[in-house]
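Novice: structure for the following, please:
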Amino acid sequence: KIYREKDMIEKFFGNSQSLEEILSRLEKSGEEPSEEGKWASKTFKTMMAKAPISLKVIFYSLKRAQGWNLKQVLQLEYNLMFQLTAINNSSGREGIKKLLIDKKGKPQWNPNSPKLIQ
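Specialist: I've put the predicted structure just below:
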């Protein structure tokens, strides 16, 4: 499935300088009634349901790791996992509780928008 969506992934995510740029592209295109618009809308909604801090960390990690070999990328992911779980992270606890334990309700992320994270 991802191979079929390669062109859309490249269009919306490729060469982006910020997470906000990606979200803006998806939101704008999601208003169109085309197949691409439907895909953009679904992708935008999926991303907006995730913890903003996680989206930012993933975006900058992917940017940083461009051109790295597999060993370097896996080491980065390993280090990030431990750093993120070691932080007193209320958003992480909130997401785990609402999405994995209670399986109901919408997490209240803090901060609640990628725009609020520098």
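
Novice: only C-alpha atoms from now on, for both contacts and neighbour counts.
Specialist: OK.

Novice: measure E31 to K42 for me?
Specialist: Using CA to CA, to the nearest Å, we find E31 at a distance of 11 Å from K42.

Novice: residues near Q66, how many?
Specialist: When neighbours are counted by other CA atoms under 10 Å, Q66 registers 9.

Novice: same check, this time on the one 4 residues further on
Specialist: With neighbours defined by other CA under 10 Å, the count for L70 comes to 10.

Novice: any idea how far E77 is from it?
Specialist: For L70 relative to E77 (CA to CA), the value is 11 Å.

Novice: tell me the confidence at K97?
Specialist: pLDDT for K97: 69.

Novice: same check, this time on L100
Specialist: In this prediction L100 is given a pLDDT of 67.

Novice: longest helix anywhere in the protein?
Specialist: When the chain is scanned for its longest helix (criterion: DSSP state H), the result is helix 70-86.

Novice: can you tell me what sits against that one?
Specialist: S61, A65 (CA atoms under 8 Å, 6 or more residues apart in numbering).

Novice: try it again at 7 Å.
Specialist: Here helix 70-86 makes contact (CA atoms under 7 Å, 6 or more residues apart in numbering) with A65.

Novice: for M8, which non-adjacent residue is spatially closest?
Specialist: Excluding the flanking residues, the one nearest M8 by CA to CA, 6 or more residues apart in numbering is E36, at 7.2 Å.

Novice: in what helix or strand does the residue nearest the centre of the chain lie?
Specialist: In the chain, the C-alpha nearest the mean C-alpha coordinate belongs to L55, at 3.4 Å (CA atoms, centre = their mean). L55 is part of helix 52-64, with elements assigned from DSSP states H and E.

Novice: and the direction of that helix versus that of helix 70-86, what angle?
Specialist: Helix 52-64 and helix 70-86 meet at an angle of 160 degrees, taking axes from the mean of the first three to the mean of the last three CA atoms, to 10 degrees as the criterion.

Novice: in helix 52-64, which residues are buried?
Specialist: Across helix 52-64, burial judged by 16 or more other CA atoms under 10 Å covers P52, I53, L55, K56, F59.

Novice: mind pulling up the pLDDT for the residue lying farthest from the centre of the chain?
Specialist: Taking CA atoms, centre = their mean, the residue of the chain most remote from its mean C-alpha position is P33, at 23.9 Å. P33 is assigned a predicted lDDT (pLDDT) of 91.
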